[in-house]
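*Asks:* how would this look folded up:
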Amino acid sequence: MSTTQQADSEIHEDQLLNFLVNSLDEEVPLSLANNAEITAEDIYEVLVGACADGTSVSTLCASSQNGPAANTILYHLR
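*Replies:* This is a model prediction of the structure:
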């Protein structure tokens, strides 16, 4: 009896988020200061999440318990 698991044929939300964040990070590198409290991946996760929800960075950050502050994201994007 084989115990090998096969992947299902569905794309899960976390897989799609990971794919998009990695793709953005490769194609649009962000240069952050060495002492920055967030990473480029954090910024991309917020941007992808806001797009997926059809909302703004500010709204998404305000509704997220563990996410970075909207001002932090917007500062680094400027």
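*Asks:* what about stretch 63-72, average pLDDT?
*Replies:* For stretch 63-72, mean pLDDT is 91.
*Asks:* Can you list the buried residues in that stretch?
*Replies:* In terms of neighbour count (16 or more other C-beta atoms under 10 Å), stretch 63-72 has its buried residues at 67-68, 70, 72. Using the backbone N, CA and C atoms, a C-beta is placed for each residue, glycine as well.
*Asks:* Can you give me the first-to-last residue distance of that stretch?
*Replies:* 15 Å (C-alpha to C-alpha, to the nearest Å).
*Asks:* Tell me which residues are up against that stretch.
*Replies:* Applying C-beta atoms under 8 Å, 6 or more residues apart in numbering, the external contacts of stretch 63-72 come out as 37-38, 42-43, 46, 57-58, 60-62.
*Asks:* min pLDDT across the residues you listed, which one?
*Replies:* By pLDDT, residue 37 ranks lowest within those, coming in at 87.
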